[in-house]
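Undergrad: sequence first, then the predicted structure, then my questions.
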Amino acid sequence: MTEATTSSGGRPNLPMQGVYQPSRDEVLNLPRVHISSHPVMAHKMTALRDKNTQPPVFYRHVKEIGALLAYEATATLALESVAIETPMGPMIGERLAGGIGVTPILRAGLGLAEGFREVIPDAQIWHLGLRRDEQTLEAMEYYNQLPHRVDLQVCYAVDPMLATGGSAIDAINVLKRRAIPRLCYVGIIAAPYGLLKLSQTHPDIDIFIAALDESLNDVGYILPGLGDAGDRQFGTF
Ligand code: PRP
Ligand code: URA
């Protein structure tokens, strides 16, 4: 939904009109922000952004990009030693120390979470439903399946689009109530405005994205972006 929405009075509602937005250059070197530079990622991103890419293929690309992002975002996970027997004899191997959580922000985060599961099949999936009000651009929680018992070393909040940052900030706020030792946000495309807001509001998390775009339009959509990530995954145009 990239057209200007209308309020009940029929006047266009342009929540980002006139709002100051930082440039791409201003946010390129924020601490704890990791922007993928992998050529395979760049290749898949072009296919994802193309308006002719249809939902089944779009979903597959989101999943594959999710797997690539998972690989990058898990590079510093803690390991512990474990004694095993190979067919040739005993050895001390390593395994991930503690559980891994993935929180897909519904609904667009579902494809990314599937990509994470390809890399970490035994990750716990903690569903969180947030819907952005298109008039105010504020996120509202409508679904929460976060368990109360926490035994994770890290939890990744995953959502393809970081636009104003409202949804990501709220998701991290919700996860912080669970006292998880380490939190990360993983997204596909960020706008400088949302990236700066998320980084300033939650300076203690790592942020992994596949691409940093130019700006938000007057109704809060990312430019050049890819349109509506939820609609394009699930065919709800
Ligand atoms: C989209 C997107 C993010 C959010 C980003 O979700 O998937 O969750 O908007 O915008 P923000 O940074 O300004 O908060 P949406 O609320 O449209 O729901 P959907 O995933 O169900 O399509
Ligand atoms: N949500 C989307 O799906 N796309 C955008 O560009 C912004 C928010």
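TA: That came through fine. Ligands and ions are numbered 1, 2, ... in the order given.

Undergrad: settle this for me: A47 is touching R60, isn't it.
TA: No: counting by Cβ atoms under 8 Å, A47 does not reach R60; the two are 9.5 Å apart. Using the backbone N, CA and C atoms, a C-beta is placed for each residue, glycine as well.

Undergrad: more crowded one of those two?
TA: Legend: neighbour count by other Cβ atoms under 10 Å for A47 and R60, higher for R60 (18 against 15).

Undergrad: can you point me to the longest helix in this structure?
TA: With secondary structure taken from DSSP state H, the chain has its longest helix at helix 55-73.

Undergrad: and the next helix or strand past it?
TA: strand 79-86 (DSSP states H and E).

Undergrad: helices and strands around that following strand, which ones?
TA: strand 89-96 (3 or more Cβ pairs under 8 Å, 6 or more residues apart in numbering; DSSP states H and E).

Undergrad: what does the strand it packs on rub up against?
TA: Residues outside strand 89-96 that contact it (Cβ atoms under 8 Å, 6 or more residues apart in numbering) are L77, A78, L79, E80, S81, V82, A83, I84, E85, I120, Q153.

Undergrad: please identify the buried residues of it?
TA: When neighbours are counted by 16 or more other Cβ atoms under 10 Å, the buried residues of strand 89-96 are found to be L96.

Undergrad: what of stretch 147-156?
TA: Buried residues in stretch 147-156 (16+ other Cβ under 10 Å): V150, L152, Q153, V154, C155, Y156.

Undergrad: out of these, which comes closest to ligand 1?
TA: The shortest approach to ligand 1 among those belongs to Y156, at 14.6 Å (Cβ to the nearest ligand atom).

Undergrad: for that closest one, list the residues it contacts.
TA: Each residue near Y156 by Cβ under 8 Å, 6+ apart is listed here: A70, A73, I100, G101, V102, T103, F116, L183, C184, Y185, V186.

Undergrad: okay, and which of the residues you listed map to helices?
TA: A70, A73, F116.

Undergrad: and of those residues, the nearest to ligand 2?
TA: F116 (18.9 Å).

Undergrad: shouldn't the closest one be in contact with C155?
TA: No: with contact defined as Cβ under 8 Å, F116 does not count as touching C155 (11.1 Å).

Undergrad: so what sits against both of those two?
TA: V102.

Undergrad: that's a strand at E114, yeah?
TA: No: if the criterion is DSSP: H, G, I helix; E, B strand; the rest coil, then E114 is helix and not within a strand.

Undergrad: just checking, which helix or strand of this structure averages the lowest pLDDT?
TA: Least confident helix or strand of the chain, by mean pLDDT, DSSP states H and E, is strand 5-6 with a mean of 46.

Undergrad: check H148 and give its pLDDT.
TA: On pLDDT, H148 comes in at 86.

Undergrad: nearest residue to it other than its sequence neighbours?
TA: Spatial nearest neighbour of H148, excluding adjacent residues (Cβ to Cβ, 6 or more residues apart in numbering): R178 at 7.9 Å.
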